[in-house]
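>>> below: sequence and its predicted model.
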Amino acid sequence: METRAGDPGAFTHFDLTRVDSPSFVVDLAKLRQNLQVLADIRDASGVKVLAALKAFSMWSVAPVIGEYLDGVCTSGLWEAMLAAEHYDGEIATYCAAYKAEDLNEICRLSDHVIFNSPMQIERCSAILDAARIRGDSFDIGLRINPLHAEGDVPRYDPCAPHSRLGFPIDQLTEEHMAMVDGIHFHSLCEQDLAPLQRTWDKVFDYLEPYFGQFKWLNFGGGHHITRADYQREELVEFLKDVQEDTGAEVYLEPGEAIALDAGILVGTILDTHWNGMQLAITDISATCHMPDVLEAPYRPAMLGEGESSAEAVRLGGPSCLAGDVIGDYSLPVECRPGERIAFLDQAHYSMVKTTTFNGVPLPSIWLWDSETDSLEQVRKFGYEDFRDRLS
């Protein structure tokens, strides 16, 4: 999987020894820059923009996100609770399948409750009716599958064959549409405007008979809007056209775009040896700290890579998993124990996916402002965090 992120930005000048190891470091100034881009798109097009907590749940910066965006989207009860506790604005909740015992609280917390199938809406109708009787106010949405694949990696493509995500649009009926206030689809991953336009062309034909009947249309996430080469002016015109055609309010739910290139993961070389090539073991684990490296797979960019002519070094984590390999790199420092390294664009998805497999410690979380050079440790994890996940 290729990623077009990895701009070091202000981290080029960050002293990696200022933080403990391993650590996530998020640049508040870059985060604000990304949020301003999204707010500008929102204001120019008249849409609403929600931050996807599934990608970036650093709730210590929730007040900053609230300054720019219209709210957040969540993926179930716990994220909805986090949103209600820390974030401002609307809450849109989608889950591939809700537990009945969670739905009462989700209805209380959420402005939009989005279902994966009309069949579950029907099964949950008594719960939804009871929630409204007690005074909860929320819209009902349905996630559709456009049946139009744009992704490069099937594992990350919600429109891949036999996908469980979203109701196939060719099965949509008038009876289904009568149950919902809005339509949601999410089919992109780190992509530009053209894939969204092609997907909308497919969706348009199926939804056109219902234009004027639904209140909102949610385009989900996967939009790389804050990347420098994204077609932002064209996006604004596209969003205006969609709203004019449908008569519906349009939502975007960027996740990665919120924190794109806004964070690094700092680590330390612990040991080195030779086995047909130079090897180094770090306190950063692919499986524990950057699981997408193995799942996608992809090769994360390294801060300062290419500044040395040294032969490639294969970096791996401290866990016992044989496949805990980050990749091969020409290091910007000497390959010796004690040297610091950092991987770029690690604020989103990495932070929310960390585990303590093998008892590998979780990275600390730091907030740095590259404009003022202020640096604060937001969270440090200890043995108790590992212990309390077990029994």
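Received the coordinates, thanks.

>>> quick one: contacts for residue 191?
Contacts for residue 191 were tallied using CB atoms under 8 Å, 6 or more residues apart in numbering; they are 150, 222, 223, 224. To be clear about C-beta, it is placed using only N, CA and C from the backbone, and glycine gets the same treatment.

>>> burial count for the closest residue to the third one other than its chain neighbours?
So that's residue 223. Closest residue to residue 223 apart from its sequence neighbours, by CB to CB, 6 or more residues apart in numbering: residue 254 at 5.5 Å. A count of nearby residues for residue 254, using other CB atoms under 10 Å, gives 30.

>>> quick one, what contacts residue 24?
Listed by CB under 8 Å, 6+ apart, the contact set of residue 24 reads 263, 264, 265, 266, 346, 347, 350, 351, 363, 364, 365, 366.

>>> ok, those vs residue 287, which is closest?
Using CB to CB, residue 350 comes nearest to residue 287 of these, at 11.9 Å.

>>> quick check: the nearest residue to the closest one once chain neighbours are set aside vs residue 299, distance?
Of all residues not flanking residue 350 in the chain, residue 290 sits nearest, at 5.1 Å (CB to CB, 6+ apart). Shown here: residue 290 relative to residue 299, a distance of 10 Å by CB to CB, to the nearest Å.

>>> for residue 103, same thing?
Relative to residue 299, residue 103 is positioned 41 Å away (CB to CB).

>>> more crowded one of those two?
The neighbour comparison of residue 103 against residue 299 (other CB under 10 Å) goes to residue 103, with 22 against 16.

>>> just to check, that one is in contact with residue 124?
Yes. Using CB atoms under 8 Å, residue 103 makes contact with residue 124 at a distance of 5.9 Å.

>>> assign the residue nearest to residue 223 to helix, strand or coil.
Secondary structure for residue 254, judged by DSSP: H, G, I helix; E, B strand; the rest coil, is coil.

>>> thinking it is in contact with residue 220, fair?
No. Contact criterion CB under 8 Å: residue 254 and residue 220 do not qualify, at 9.3 Å.

>>> so what are the domain limits for this structure?
In terms of domains, the chain is parsed into 9-25+262-387, 46-258 (source: automatic domain parsing).

>>> turn the contacts of residue 24 into JSON lines, including pLDDT, secondary structure and neighbour count.
Output for those, formatted as JSON lines (pLDDT from 0 to 100; DSSP: H, G, I helix; E, B strand; the rest coil; neighbours: other CB atoms under 10 Å):
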{"residue": "263", "pLDDT": "98", "secondary structure": "strand", "neighbour count": "28"}
{"residue": "264", "pLDDT": "98", "secondary structure": "strand", "neighbour count": "30"}
{"residue": "265", "pLDDT": "98", "secondary structure": "strand", "neighbour count": "25"}
{"residue": "266", "pLDDT": "98", "secondary structure": "strand", "neighbour count": "27"}
{"residue": "346", "pLDDT": "97", "secondary structure": "coil", "neighbour count": "28"}
{"residue": "347", "pLDDT": "97", "secondary structure": "coil", "neighbour count": "29"}
{"residue": "350", "pLDDT": "95", "secondary structure": "helix", "neighbour count": "24"}
{"residue": "351", "pLDDT": "95", "secondary structure": "helix", "neighbour count": "22"}
{"residue": "363", "pLDDT": "98", "secondary structure": "coil", "neighbour count": "29"}
{"residue": "364", "pLDDT": "98", "secondary structure": "strand", "neighbour count": "18"}
{"residue": "365", "pLDDT": "98", "secondary structure": "strand", "neighbour count": "22"}
{"residue": "366", "pLDDT": "98", "secondary structure": "strand", "neighbour count": "22"}
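
>>> nearest to residue 244, of these?
Using CB to CB, the shortest approach to residue 244 within the contacts of residue 24 belongs to residue 347, at 35.5 Å.

>>> contacts only, for that closest one.
24, 26, 31, 56, 58, 259, 262, 263.

>>> model confidence for the fifth one, exactly?
Yep, that's residue 58 we're talking about. pLDDT for residue 58: 98.

>>> got the contact list for it?
26, 259, 347, 351, 365, 378.

>>> okay, now the closest residue in space to residue 77 that isn't next to it in sequence: neighbour count?
Once flanking residues are discounted, residue 77 sits nearest to residue 102: 4.3 Å by CB to CB, 6+ apart. The number of residues packed near residue 102 is 16, by other CB under 10 Å.

>>> that's a strand at residue 102, yeah?
No. Read with three-state DSSP, residue 102 is helix and lies in no strand.

>>> quick one: pLDDT of it?
98.

>>> distance check, it against residue 369.
Distance of residue 102 to residue 369, given as CB to CB: 37 Å.

>>> same check, this time on residue 29
In terms of CB to CB, residue 29 sits 5 Å off from residue 369.

>>> look at the spatially closest residue to residue 264 that is not a sequence neighbour and give its secondary structure.
Spatial nearest neighbour of residue 264, excluding adjacent residues (CB to CB, 6+ apart): residue 342 at 4.4 Å. With three-state DSSP as the basis, residue 342 sits in strand.

>>> next up, the contacts around residue 342.
Each residue near residue 342 by CB under 8 Å, 6+ apart is listed here: 11, 14, 16, 25, 264, 265, 266, 267, 302, 303, 304.
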